[in-house]
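# Quick one, fold the following:
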Amino acid sequence: MSGDSELRDIFFEEANEQVQQLEQDILKLEDNKENAELINEVFRFIHSIKGSAAFVGFENISSFAHKMENILDLVRKGSIIINGELVNTLLKGLDIIKKMMGSPEEEYGEDEAVQAALKSFCKYLPNTENMTHGEVNNVKEEKKERYYKIGLNFNKDIFDTGIDPLILIDELSTKGEMIECNINTSDVPDIYKIDPYSLYLTATVVLKTDRPKKDLEDVFIFVINDNRIIIEEMKEEELNVGDKRLGELLVERGIVKDSDIEEVLGRQPKIGELLIQQGKVTPAQIEKIAKEQQESRKTKESTTIRVDTHKLDNLINLVGELVINQARVAQIASSKEKVNQIELSSTAEGLDRITRDIQECIMRARMIPIESTFNQFHRMVRDLSQEKDKDIVLDIKGKETELDKTLVELISDPLKHMIRNSIDHGVETKEERRRNGKPETGTITLNAYHEAGTIVIEVRDDGKGLDKEKILGAAKEKGLVSKDRELSEDEIYKLIFLPGFSTAQEISEISGRGVGMDVVRNNISKLRGNIEIYTKINEGTIFKIILPLTLAIIDGMLVKIGEELYIVPLLTIVESIRPKGTEVKHVNTQSEVINVRGEYIPLVRLYELFNIETEHKDPSKALVVIVGSGKNKVCILVDDIIGQQQAVIKSLEENYREVKGISGATILGDGTVAMILDVPTIVKMSASETK
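Numbers count the residues shown, from 1 in each chain. Take a look at the predicted model:
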């Protein structure tokens with residue numbers, strides 16, 4: 001049972017990747033109708049899903065995928081022309097496969113979406129236009145039965161490619177009646193010479209089928225070019241074994257090779273016995289063939305598997321160095337002589353270097369390209385632009401940019417909201433674009449790149465841009481901003497992130513810049529990120545998302561406030577100063593700012609924010625760390641700066657509860673717990689207090 005569960009887990013892992021790539025390839029077909037290589041790739045993916053689903057027992061998925069495979073086979077043969085309608089049909093079919101993968105054990109006979117998809121298939125499959133859905137499943141053309149001999153000579157290293165030959169043989173058996181399946185073991189070495197990762201067996205299969213040879217070749221579509229797969233049609237009379245010699249039959253059936261027969265014939269005339277003695281065949285195989293031979297003489301009746309290995313090698317080398325250094329530490333600790341301080345310091349430095357290298361290596365192993373996340377939005381842009389009767393294309397840049405796997409998974413939902421809003425409220429209709437002198441086709445651009453130790457993801461559209469007067473008016477009308485409040489341009493644009501904000505005249509599923517944008521801001525904040533907005537009327541808008549490289553470990557500055565220790569993320573620190581008393585100004589009775597070389601920056605007293613006792617309340621006698629989030633900065637008052645160190649982030653919300661201004665916690669070397677400051681939230685809290 002556990003074996004079945006493991007196989008199914010492997011199926012889901014591989015099939016999810018295949019479905020994702022398949023969707024991208026189907027979308028490409030619309031603009032590459034004559035691309036034979038692309039058509040074949042689409043066919044191979046659906047063929048693989050069909051076969052793998054059948055192997056693990058998901059007949060619903062396999063049967064449905066088989067019908068899509070039949071349509072794509074007709075496309076390959078030129079019988080069906082690719083157009084937008086066919087692409088829609090294939091995409092809807094792919095949606096059904098996704099649905100079935102979510103609940104593979106369910107019955108889908110009465111499911112409306114499945115029946116609708118099957119009905120759309122009828123248009124493309126021959127002789128099915130006027131049939132019921134049940135009859136479609138049972139369509140069979142009259143075909144002549146044939147016999148094929150299939151020689152399977154796989155490369156020794158085929159397991160390295162993640163392909164299991166048994167799965168291919170099992171799929172082959174679904175194409176007809178398997179008359180024979182003989183295994184040649186003559187190349188198996190002595191047991192002490194066997195490499196468990198190599199394949200030494202070859203096989204010969206005799207299949208009775210009404211399928212064409214092309215269908216059998218499709219079973220081996222992923223291996224036929226790199227392995228020796230021989231498929232030959234046999235005449236029915238060739239199955240008559242009565243007049244054939246035993247050695248001839250053994251070679252023909254693939255049980256032994258010609259060289260084995262020649263070797264034995266040179267020694268003894270009794271082929272069967274000698275082959276058994278040489279270990280080339282088993283007694284049961286000889287007995288089976290001999291019995292067939294005798295019966296035939298009497299009756300004359302014929303019988304009917306993702307980390308780069310280079311990264312792993314590097315990690316193994318580092319672990320080796322770690323073991324050596326650990327042994328040195330143990331030796332120093334157990335020495336009865338006086339501790340050599342220089343040697344101890346040198347060993348500690350070595351351990352520190354190796355630990356950092358191991359950490360960096362592991363972090364790199366977790367890094368994956370953002371391409372898969374970006375690619376999934378092609379389908380969404382296509383579907384929603386059709387729904388809104390707009391002509392929009394998605395342009396992807398920087399897809400090779402790598403970021404932590406956790407970030408890749410969590411960034412998908414915010415990007416989805418932003419793209420949906422760009423489609424609905426950013427890019428204009430074709431008529432509007434014509435009037436404004438723009439091309440009818442609008443463009444949404446996704447771009448990712450590294451910048452100053454962070455990941456930057458841009459969502460750009462060439463639409464109408466943000467109208468700050470309209471945004472401010474809508475916010476005041478809804479009571480989100482007081483009517484007499486003065487706001488900067490940047491503050492006005494960020495109003496779209498307020499819950500319930502929208503400038504749409506009519507509410508629809510995707511209407512309004514603000515629908516879902518508060519979710520975007522909250523999700524980005526949870527990722528310790530920030531969003532910046534750049535916009536220009538009639539030219540478009542850029543949303544710039546800035547994220548840390550990883551959520552697991554950060555470089556930080558350890559600071560002290562009273563008796564408590566805090567970590568300030570290093571990437572947020574601008575500088576640290578001790579201001580003069582005259583540089584501290586009061587904006588109102590509650591808010592303070594510090595004049596830093598002519599720039600007035602809000603002051604945040606963390607001891608008040610977190611209710612901590614401290615004696616250092618005068619900024620001119622304490623220290624101020626200036627931190628930034630996006631375009632905004634604040635000064636945080638601390639008692640002392642301890643030093644820089646790396647921090648392994650632990651979730652405070654999972655282990656305790658959410659604390660405003662704190663993004664997590666870490667355990668220091670002496671076992672002390674230090675809180676990690678959530679700088680973007682602290683900046684927002686300061687901004688709201690100074691209004």
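
# Just the CA trace of the one helix or strand Gln115 maps to, in CSV.
Taking DSSP states H and E as the criterion, the element that holds Gln115 is helix 112-122. Presented in CSV, the C-alpha positions along helix 112-122 are these (Å, rounded to 0.1, in the frame of the first residue of the first chain):
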residue,chain,number,x,y,z
GLU,A,112,-21.5,19.0,-16.1
ALA,A,113,-18.1,20.5,-16.8
VAL,A,114,-16.7,17.1,-17.9
GLN,A,115,-19.7,16.4,-20.1
ALA,A,116,-19.5,19.8,-21.7
ALA,A,117,-15.8,19.2,-22.4
LEU,A,118,-16.5,15.7,-23.9
LYS,A,119,-19.2,17.3,-26.1
SER,A,120,-16.7,19.9,-27.4
PHE,A,121,-14.4,17.0,-28.2
CYS,A,122,-17.0,15.4,-30.4
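
# residue ranges of the strands in the stretch 451-600 of the chain, please?
Taking DSSP state E, counting those that start in this stretch as the criterion, the stretch 451-600 of the chain contains strands spanning 454-461, 530-536, 540-548, 553-561, 564-569, 573-577, 584-586, 592-596, 599-605.

# which strands and helices sit next to the helix holding Gln115?
Under the contact criterion of 3 or more C-beta pairs under 8 Å, 6 or more residues apart in numbering; DSSP states H and E, the helices and strands touching helix 112-122 comprise helix 59-76, helix 84-102, helix 133-137. For the C-beta atoms, the positions are set from N, CA and C on the backbone; glycine is no exception.

# what angle separates that helix from helix 59-76?
30 degrees (axes from the mean of the first three to the mean of the last three C-alpha atoms, to 10 degrees).

# picking up where we left off before, could you single out the most deeply buried of the helices and strands packed on helix 112-122?
helix 59-76 (a mean of 20; mean count of other C-beta atoms under 10 Å).

# Tell me which other helices or strands that helix touches.
helix 36-55, helix 84-102, helix 112-122.

# how about JSON lines for these, with mean pLDDT added?
Formatted as JSON lines, the entries for the helices and strands packed on helix 59-76 read as follows, by pLDDT from 0 to 100:
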{"stretch": "helix 36-55", "mean pLDDT": "86"}
{"stretch": "helix 84-102", "mean pLDDT": "89"}
{"stretch": "helix 112-122", "mean pLDDT": "86"}
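
# Tyr566 is nearest to which of those?
Taking C-beta to C-beta as the measure, those were each checked against Tyr566, and helix 84-102 came out nearest at 43.7 Å.

# pull the CA atoms of that closest one into CSV?
The C-alpha trace of helix 84-102 is given here as CSV (Å, rounded to 0.1, in the frame of the first residue of the first chain):
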residue,chain,number,x,y,z
GLY,A,84,-8.6,29.8,-31.4
GLU,A,85,-11.6,27.6,-30.9
LEU,A,86,-9.4,24.5,-30.8
VAL,A,87,-7.0,26.1,-28.3
ASN,A,88,-10.0,27.0,-26.1
THR,A,89,-11.2,23.4,-26.3
LEU,A,90,-7.8,22.0,-25.3
LEU,A,91,-7.5,24.5,-22.5
LYS,A,92,-10.9,23.6,-21.1
GLY,A,93,-9.9,20.0,-21.4
LEU,A,94,-6.8,20.7,-19.4
ASP,A,95,-8.9,22.4,-16.7
ILE,A,96,-10.8,19.2,-16.4
ILE,A,97,-7.6,17.2,-15.9
LYS,A,98,-6.5,19.6,-13.2
LYS,A,99,-9.9,19.2,-11.6
MET,A,100,-9.7,15.4,-11.7
MET,A,101,-6.1,15.5,-10.3
GLY,A,102,-7.6,17.3,-7.3
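
# so Glu23 sits right up against Phe377, yeah?
No: taking C-beta atoms under 8 Å as the definition, Glu23 is not a contact partner of Phe377, at 10.7 Å.

# In the helix holding Gln115, which residues are buried?
Along helix 112-122, the positions that meet the burial threshold by neighbour count (16 or more other C-beta atoms under 10 Å) are Val114, Ala117, Leu118, Ser120, Phe121, Cys122.

# Which of the residues you listed lies at the shortest distance from Gln326?
Closest approach between the buried residues of helix 112-122 and Gln326, by C-beta to C-beta: Val114, at 59.0 Å.

# quick one: the residue lying closest to the closest one once chain neighbours are set aside from Phe45, how far?
Closest residue in space to Val114, ignoring its immediate chain neighbours: Tyr108 at 4.4 Å, by C-beta to C-beta, 6 or more residues apart in numbering. In this structure, Tyr108 and Phe45 are 21 Å apart, going by C-beta to C-beta, to the nearest Å.

# So these two - more neighbours on which side?
Phe45 (24 against 19; other C-beta atoms under 10 Å).

# Where does the prediction get shaky in the stretch 201-350 of the chain?
Within the stretch 201-350 of the chain, the segments meeting pLDDT under 70 span 236-254, 256-274, 291-308, 336-339.

# all strands of it, in order?
For the stretch 201-350 of the chain, strands defined by DSSP E, counting those that start in this stretch occupy the ranges 202-209, 228-234.

# right, so those: which one is the most enclosed?
For these, where neighbours mean mean count of other C-beta under 10 Å, the stretch averaging the most is strand 202-209, with a mean of 20.

# Which neighbouring elements make contact with it?
On the basis of 3+ C-beta pairs under 8 Å, 6+ apart, strand 202-209 makes packing contacts with strand 146-153, helix 165-173, strand 177-184, helix 213-219.

# next one: it to chain centre, how far?
38 Å (C-alpha atoms, centre = their mean, to the nearest Å).

# between it and strand 228-234, how many degrees?
40 degrees.

# now the angle from strand 202-209 to strand 177-184?
Using the same axes, to 10 degrees, the direction of strand 202-209 lies 170 degrees away from that of strand 177-184.

# Tell me which stretches of the stretch 201-350 of the chain form helices.
With DSSP state H, counting those that start in this stretch, the ranges of helices along the stretch 201-350 of the chain come out as 213-219, 246-252, 258-265, 271-277, 283-299, 309-334, 341-366.

# and the helix or strand that the last one is followed by, what other elements does it pack with?
Read that as helix 341-366. Tracing the chain past helix 341-366, the next element assigned as helix or strand by DSSP H and E is strand 367-369. For strand 367-369, the helices and strands in contact under the criterion 3+ C-beta pairs under 8 Å, 6+ apart are strand 402-404, helix 405-421.
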